[in-house]
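Trainee: return a 3D structure for these sequence lines:
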Amino acid sequence: MSGRLVGVGVGPGDPELLTVKGLRALREADGVFVPVGDTGEVGRAEATVREYLDEGRIRRLLFALSDDAGARERNWKDAAREVSGPLREGKVCAFATIGDPNVYSTFTYLARKVREALPEVEVETVPGITAMQDLASRSGTVLLEGDERLALLPFTAGRERLREALDSFETVVCYKGGSRMPEVLSAARETGRLRDAVYGGRLGIEGEEVVPAAEMAGREATYLSAVIFTGRGYGGEGA
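Mentor: Numbering: from 1, shown residues only. Purely as a prediction, here's the structure:
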């Protein structure tokens, strides 16, 4: 007997952006799991879920941020082991993840490890609103028109990857700039794409900031931040 693992996208942070389908999946699950870092703080996914579920139904899984590949692998295996217990009993386990479970999500790693232990397990996902969609809405930015193309990448892919995207795509979205925001802005300046860029941090939660990206010069951004580069200017106006 094997249960079902459901990855539920809960959006960037605003609890009102959790979809009706996602909420139903969380409420109907036998157990709800959320990722946490090694700080023990309530994560963004957990904070969103707490708006709708009793805290006693929520179980934390450690996904500590680390540059040590071995440590990350151990975290994923430990998390999969904890989830596999109720799955072996035929239960439905939901994993809440910020944004969408198929876009740069911890759920991908969890599902992969669970499948290694339980090849017969049923895995499905419920899509969630992404940070780039939320930032576009909050800033009045049109992401795409007509035949325009969009590139999405984390800054962890490297400065040159970002430069290549800025040189080649009409719209570019960069995630995870964080402490390296000066490098992000430098790449944008070198390619002539800084004037139209908009920055968003802590979207939908306390301390939210949505400003022209140029205003982030000399500042450190939050890890979960996003920058949108278009050719139309901040607020959807012509560049």
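
Trainee: please identify the buried residues of the top helix by length along the chain?
Mentor: Longest helix of the chain, by residue count under DSSP state H: helix 69-88. For helix 69-88, burial by neighbour count (16 or more other Cβ atoms under 10 Å) applies to 75-76, 79-80, 82-84, 86-87. All C-beta atoms are positioned from the backbone trio N, CA, C, and that covers glycine.

Trainee: stretch 5-25 now?
Mentor: Result for stretch 5-25 [16+ other Cβ under 10 Å]: buried residues 5-15, 17-19, 22-23, 25.

Trainee: re earlier: take the next helix-or-strand element following the longest helix of the chain, keep the C-alpha atoms, and write them as CSV.
Mentor: Scanning forward in sequence from helix 69-88 by DSSP states H and E, the next helix or strand is strand 92-97. Extracted C-alpha coordinates of strand 92-97, given in CSV (Å, rounded to 0.1, in the frame of the first residue of the first chain):
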residue,chain,number,x,y,z
VAL,A,92,-2.2,11.5,1.6
CYS,A,93,0.7,13.9,2.4
ALA,A,94,0.7,17.5,1.2
PHE,A,95,3.9,19.6,1.0
ALA,A,96,3.3,23.3,0.9
THR,A,97,5.9,25.3,-1.0
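
Trainee: surely G13 touches G200?
Mentor: No. Assessed by Cβ atoms under 8 Å, G13 is found out of contact with G200, at 10.4 Å.

Trainee: mutual contacts of these two, please.
Mentor: D134 (Cβ atoms under 8 Å, 6 or more residues apart in numbering).

Trainee: related to what we said a few turns ago, could you dump the buried residues of helix 69-88 into a markdown table with distance to V227 added?
Mentor: Formatted as a markdown table, the buried residues of helix 69-88 follow (distance: Cβ to Cβ, whole Å):
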| residue | distance to V227 |
| --- | --- |
| N75 | 28 |
| W76 | 28 |
| A79 | 30 |
| A80 | 33 |
| E82 | 35 |
| V83 | 34 |
| S84 | 38 |
| P86 | 39 |
| L87 | 38 |
